[in-house]
Every structure is written in structure tokens, then in C-alpha cells.
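1. Here is my input; please provide its structure:
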Amino acid sequence: MRRMTTSKKAPDVAERLKAAREGRGLTVAELARRARVEGEPISRQAVMKIEARDVTNPGVLTVAGLAEALDVPVAWLAYGVGPTPAGLTAAKA
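-> Have a look, this model is predicted:
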């Protein structure tokens with residue numbers, strides 16, 4: 001019988017989004033009001049679904065709007081590329 005090993009999973013967009021939102025001291029509703037996609041606010045439900053991993057691959061415009069509202073790089077929020085933005089602690093792996 002082959003024994004499976006487990007490794008630590010890298011933080012995903014849901015974890016980075018929640019870490020950034022909480023690090024900036026925002027509620028889900030506040031972030032939803034600040035984040036924009038094509039001039040319209042992102043819904044509170046959309047933010048909640050991303051954080052809950054109900055949406056695992058949010059659209060690029062959504063990620064860009066969230067990143068701008070959180071003052072974090074899009075690449076960091078979407079893929080974890082680069083250092084953790086100033087004022088935030090790294091999402092736990």
C-alpha cells in the first residue's frame with residue numbers, strides 16, 4: 001500500500017483576499033463598496049464567495065478591482081507573486 005504524504009498548501013486567492021481585507025481593517029461590505037468593476041461596485045456576495053472558495057478563479061477585472069481597493073498588487077492577490085504588501089502579514093500556508 002502506498003503511503004500518501006501531505007504538504008503544506010500555499011495560500012490561495014481566498015486566503016490572500018481575506019488577509020488583505022482584515023489587514024486593511026475592512027469588513028466584507030466596506031470592501032465591496034470600495035472595489036469596482038467597470039465602474040460598478042462588486043457585490044458583498046461576490047467577495048464572500050471568493051473568500052469562502054465558492055469562486056476559486058475570479059475574473060481578472062474582479063481581482064483588479066479588489067486589489068485596487070485593498071492597495072495591493074494584482075499579481076500578489078491573484079497568484080501570491082512578490083512580497084507581502086506593506087502593512088499586511090502573510091496569509092498562513
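2. Between the two ends of stretch 35-52, what distance do you get?
-> 18 Å (Cα to Cα, to the nearest Å).
3. For that stretch, could you pull out the residues that count as buried?
-> 35-37, 42, 46-47, 50-51 (16 or more other Cβ atoms under 10 Å). Where C-beta positions appear, they are placed from N, C-alpha and C, glycine not excepted.
4. What is the helix or strand containing Ala64 packed up against?
-> For Ala64, the host element (DSSP states H and E) is helix 60-70. The contact analysis (3 or more Cβ pairs under 8 Å, 6 or more residues apart in numbering; DSSP states H and E) places helix 60-70 against helix 13-23, helix 28-34, strand 36-37, helix 44-51, helix 74-79.
5. Pick the most buried one from those.
-> helix 13-23 (a mean of 20; mean count of other Cβ atoms under 10 Å).
6. That one relative to helix 44-51, how many degrees between them?
-> 120 degrees (axes from the mean of the first three to the mean of the last three Cα atoms, to 10 degrees).
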